[in-house]
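>>> next come a sequence and a model predicted from it.
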Amino acid sequence: MKFHRTQTAENPRTMRRRVRWFGILAGLAAVAIALAVGGGMPQAQNNPLHNSPEIVRAPDSNQVNDINRQQVERQNFEAANAERKKQMSQESAKLLKLAAALKAEVDKNDKDALPPGAMRKADEIEKLAHSVKEKMQLTVGPS
């Protein structure tokens with residue numbers, strides 16, 4: 001019994017594709033091995049942050065004073081904002097109360113004529129509303 005070896009005639013285009021993919025995979029494997037052996041990405045030898053004595057040095061008295069001053073300014077800033085928010089809340093409540101009183105007074109009287117104190121209350125409401133608006137826009141920050 002004779003066994004004949006049959007040759008498969010592959011398309012030359014298919015062979016080129018296989019060779020190309022094999023080359024790409026071999027290249028990727030070589031890069032992966034090089035990165036694994038080399039320890040990852042190459043680092044600069046003259047890295048100023050790596051060897052800088054300023055980073056490991058303790059702050060001097062001027063820097064400590066600056067840091068303390070910034071902390072005090074931040075605390076003052078937070079206290080001023082808290083006070084401003086408290087005042088806005090109180091003025092908003094007063095504004096709501098005045099507006100409700102004015103509405104009740106206008107509704108109670110004749111629709112064609114304004115009550116005598118209505119203009120005074122309207123002016124007070126306008127001033128208070130302007131004050132609240134200004135406080136809302138106000139930004140207090142450390143200098």
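Perfect, thanks for sending it.
>>> what helix or strand is residue 96 on?
helix 61-108 (DSSP states H and E).
>>> nope, residue 37 is what I was after
Assigned by DSSP H and E, residue 37 falls within helix 12-38.
>>> looking at this protein, which helix or strand is least sure?
Using mean pLDDT, DSSP states H and E, the weakest-scoring helix or strand in the chain turns out to be helix 48-51, at a mean of 56.
>>> before we move on, the earlier item: between helix 61-108 and the next helix or strand after the helix holding residue 96, find me the angle.
Per DSSP H and E, the first helix or strand lying C-terminal to helix 61-108 is helix 118-137. Helix 118-137 and helix 61-108 meet at an angle of 150 degrees, taking axes from the mean of the first three to the mean of the last three C-alpha atoms, to 10 degrees as the criterion.
>>> can you point out the buried residues in helix 118-137?
121, 125, 128, 132 (16 or more other C-beta atoms under 10 Å). The way it works is simple: take the backbone N, C-alpha and C, and place the C-beta from them, glycine included.
>>> so how far is residue 100 from the last one?
For residue 132, the distance to residue 100 under the criterion C-beta to C-beta, to the nearest Å works out to 16 Å.
>>> how about the third one?
With distances defined as C-beta to C-beta, the gap from residue 128 to residue 100 amounts to 13 Å.
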